[in-house]
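*Asks:* have a look; sequence and predicted model below, questions after that.
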Amino acid sequence: MENEKKEYQEKKRTLFFGLPWTFTWYVVGEEFLTVKKGLLKTEEDDCYMYKIQDVKMTTSLIERIFGLATVICYTGDTTDPQIPLTHIKNAKEIKGFILEASEVARRKRRTMNTLDIGAMDGDDF
C-alpha cells in the first residue's frame, strides 16, 4: 500500500520514570504537526510541515535514563517560531520523519527556505 499516510502520535511524559501522566499530545503527520494541550480547557496548535526549517534533538541525563528526548522544531510560523516536543519516546525516529516530511512538503508546494543574514542594509541599494 503505497498511499498509506504515516503519522506519529506521542504523549508528553514526566521525567519520573517516563510515565505519560500529562495532558499534552503530539501528532506528527505528513502535512501537519499538531500539539494538543489541556484537560478542562484545551488548546490545539497546528503547524504546516513545509514551514519547519530545522529540527534539533536534545537529551538530558535523566531523559537518557528513561529513554526520552526533546525534539525542537524551528519554524517560519509567526505564532510559534519554536515548537518543542518535550520528553517523548522514539525521538530520533520522529526527528528524522519531521526532517524528511518537511522537505517533501516544501518540494510539493515549491517553496524553499531562505535566511535573512542582514547582508543588505537600507543604504546599500
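*Replies:* Arrived safely.

*Asks:* any buried residues in the helix or strand encompassing Val104, and which?
*Replies:* Using DSSP states H and E, Val104 maps to helix 91-109. The neighbour-count check on helix 91-109 (16 or more other CB atoms under 10 Å) flags Ala91, Ile94, Lys95, Phe97, Ile98, Ala101, Ser102, Ala105, Arg106 as buried. Heads up, the C-betas are built off the backbone N, CA and C, glycines and all.

*Asks:* show me which of those is closest to Gln82.
*Replies:* Ile98 (13.3 Å; CB to CB).

*Asks:* before we move on, back to that, alpha carbons of the helix holding Val104, as CSV, please.
*Replies:* Once non-C-alpha atoms are left out, helix 91-109 reads as follows in CSV (Å, rounded to 0.1, in the frame of the first residue of the first chain):
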residue,chain,number,x,y,z
ALA,A,91,12.6,10.9,19.4
LYS,A,92,15.3,10.0,16.9
GLU,A,93,12.8,8.3,14.6
ILE,A,94,10.3,11.2,14.9
LYS,A,95,13.1,13.8,14.3
GLY,A,96,14.1,12.0,11.1
PHE,A,97,10.5,11.8,9.9
ILE,A,98,9.9,15.5,10.5
LEU,A,99,13.1,16.4,8.5
GLU,A,100,12.1,14.2,5.6
ALA,A,101,8.4,15.2,5.7
SER,A,102,9.1,18.9,5.8
GLU,A,103,11.5,18.6,2.8
VAL,A,104,8.8,16.7,0.8
ALA,A,105,6.2,19.2,1.8
ARG,A,106,8.4,22.1,0.6
ARG,A,107,9.0,20.4,-2.7
LYS,A,108,5.3,19.7,-3.1
ARG,A,109,4.5,23.4,-2.5
